[in-house]
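*Asks:* fold the following.
(chains A, B and C)
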Amino acid sequence: MVLPRSFYNRPAEQVASDLLGKLVVHRIANKTLAGRIVECEAYLGGDDQAAHSYAGLTPRTKVIFGPPGHAYVYFIYGVHHCLNLVAQPAGTPGCVLVRALEPIEGLDEMRRRRPKAKRDLDLASGPGKLTQALGITLDYYGADVTKGRLTVRDGNPEAFDIVTSTRIGITRSVDLPLRFHIADNEHVSVR
DNA sequence: CCGCGGATCTTCT
DNA sequence: GAAGATCCGCGGA
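*Replies:* A predicted model of the protein is given here:
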């Protein structure tokens, strides 16, 4: 079942924690590419200086200030795309960076899209890797993930432990405990 | 195994 | 101008 918009209409850290175990599903070129979210990070409004929305409402960040349940995709270091899911009600910035997926469906196609991945563990174990593996680009900036080709769905209901830690790769607001990942999962980007 | 730097686009100072 | 929510290949230990 596709997650409803109400799922995202909550504080970003709550959405981030609850996104663990859910599936990111992309239908492209008659194929279905799907991965289980094993790691993500919340980016907040207010005092969170690491959040892109901290710069205010700009053409790039406007989707973060918009209604929940949409994709915020951006291009970084001239090389990589990163996928975020917008949380919290319209007018209140907040989003969740999807940092790592465990490949579930369409492995052959993912391998084709990530020729540099030596092992399946390298297919989607990082924010730039997973967008390449699933074929997610700026075309999905602002896309509604409650319908269409890119969606987020319920996963296997098996239980797992959640580990909370500080976020990775940022230089400001580094001490906030806003990174969440599934315990003992091999596909997490940094262990 | 570890550390360094290149890639080369977008946004902001 | 410079830095950035990254990844990969190279060289050295």
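
*Asks:* and chain A, which residues reach DNA strand B?
*Replies:* A:55-56, A:58-61, A:74-79 (CB under 7 Å from any atom of the strand). From N, CA and C alone the C-beta is placed, and that goes for glycine too.

*Asks:* any idea how far A:N156 is from A:P115?
*Replies:* Per CB to CB, to the nearest Å, A:N156 is found 29 Å from A:P115.

*Asks:* is the most centrally placed residue in chain A in a bridge, and if so with what?
*Replies:* Centroid-nearest residue in chain A, with CA atoms, centre = their mean: A:V98, separated by 2.0 Å. Under DSSP bridges, the beta-bridge partners of A:V98 are A:C40.

*Asks:* quick check: it touching A:R36?
*Replies:* No - A:V98 is not in contact with A:R36 according to CB atoms under 8 Å; the separation is 10.8 Å.

*Asks:* quick one on the thing from earlier: just curious, which of the residues of chain A next to DNA strand B is nearest to A:S165?
*Replies:* Nearest to A:S165 out of those is A:I76 (CB to CB; 21.3 Å).

*Asks:* how much space between the closest one and A:N185?
*Replies:* Counting by CB to CB - A:I76 and A:N185 are separated by 24 Å.

*Asks:* any idea how far the nearest residue to A:I168 once chain neighbours are set aside lies from A:S53?
*Replies:* Closest residue in space to A:I168, ignoring its immediate chain neighbours: A:V190 at 5.9 Å, by CB to CB, 6 or more residues apart in numbering. Remark: distance between A:V190 and A:S53 (CB to CB) = 24 Å.

*Asks:* about what we covered before: who has more neighbours, A:N156 and A:P115?
*Replies:* Neighbour tally, A:N156 and A:P115, criterion other CB atoms under 10 Å: the higher count belongs to A:N156, 10 against 7.

*Asks:* retrieve the pLDDT associated with the more buried one.
*Replies:* Looking at A:N156, its pLDDT is 88.

*Asks:* cool, A:V190 as well?
*Replies:* Taking A:V190 on its own, its pLDDT is 88.

*Asks:* and for A:H181?
*Replies:* At A:H181, pLDDT is 98.

*Asks:* now for it: which residues touch it?
*Replies:* A:20, A:38-40, A:99-100, A:162-163, A:165, A:188 (CB atoms under 8 Å, 6 or more residues apart in numbering).
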